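Q: Sequence first, then the predicted structure, then my questions.
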Amino acid sequence: MRLPITLSEIGPRLSAGAFILNSGLGKRGADEGTAAGLHGFASGTYPFLKNIPPQQFATGLAYSEIAIGGLLLAPFVPTAVAGAALTAFSGGLLGLYLNTPGMRKPGSLAPTQEGLAVAKDVWLLGIGVGLLTRGTIDREPRRVRKAAKTLSRANRKATRAARRAE
């Protein structure tokens, strides 16, 4: 049985998956102060989160990060699925960066010192979009691969025959 990922996808999935999984595991037992800080930061940008208690928010965030990290690390999860999850998650992180006052220099996308910790998550968005693209667009159907292999074999035979004829 063939895995739904290629060798070139292992590096990005491993680096992003391990990073996010570790982050989620670190948030699992968040104390009240940490939970309140995470909740305050996120609900300032995403007002719909204000209705969720801070401890519940921190627990949900932790398990979301664990799930996304696990999706990325599991080789049986299709690349498009892992890429879509990572793209959505990192898009939310970048939304925090773009919409939280004080994260960017005025009139610029450049981060302030306070925004640097969140702005660096743009690499996760890049990996997510790359995996999503690779998992949806770059996959050739089996019949196309088989036809290309047959054509390649025929070309090699024709080349050998032409060399012998010379």
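A: Thanks, I have the structure now.
Q: Please count neighbours and contacts with C-alpha atoms only from this point.
A: OK.
Q: what's the neighbour count on residue 81?
A: 17 (other CA atoms under 10 Å).
Q: Equivalent analysis for residue 82, please.
A: For residue 82, using other CA under 10 Å, the count is 24.
Q: how near is it to residue 12?
A: Distance, residue 82 to residue 12, by CA to CA, to the nearest Å: 11 Å.
Q: where in this structure is pLDDT low?
A: 1-3, 138-149, 151, 155, 162, 166 (pLDDT under 70).
Q: what ranges do the strands span in it?
A: Counting by DSSP state E, the chain has no strands to list.
Q: Chain neighbours aside, what residue packs nearest to residue 57?
A: In this structure, residue 57 finds its nearest non-sequential neighbour in residue 39, 6.4 Å apart by CA to CA, 6 or more residues apart in numbering.
Q: Tell me how far the one you found lies from residue 85.
A: 21 Å.
Q: go on, residue 44?
A: With distances taken as CA to CA, residue 44 is found 23 Å from residue 85.
Q: the more surrounded of the two?
A: residue 85 (20 against 15).
Q: In this model residue 69 seems to touch that one, though I could be wrong.
A: No. Applying CA atoms under 8 Å, one finds residue 85 not in contact with residue 69, separated by 9.5 Å.
Q: Give me the buried stretch members for stretch 64-80, please.
A: Neighbour-count burial for stretch 64-80 flags 64-73, 75, 78-80 (criterion: 16 or more other CA atoms under 10 Å).
Q: For residue 119, grab the count of nearby residues.
A: 22.
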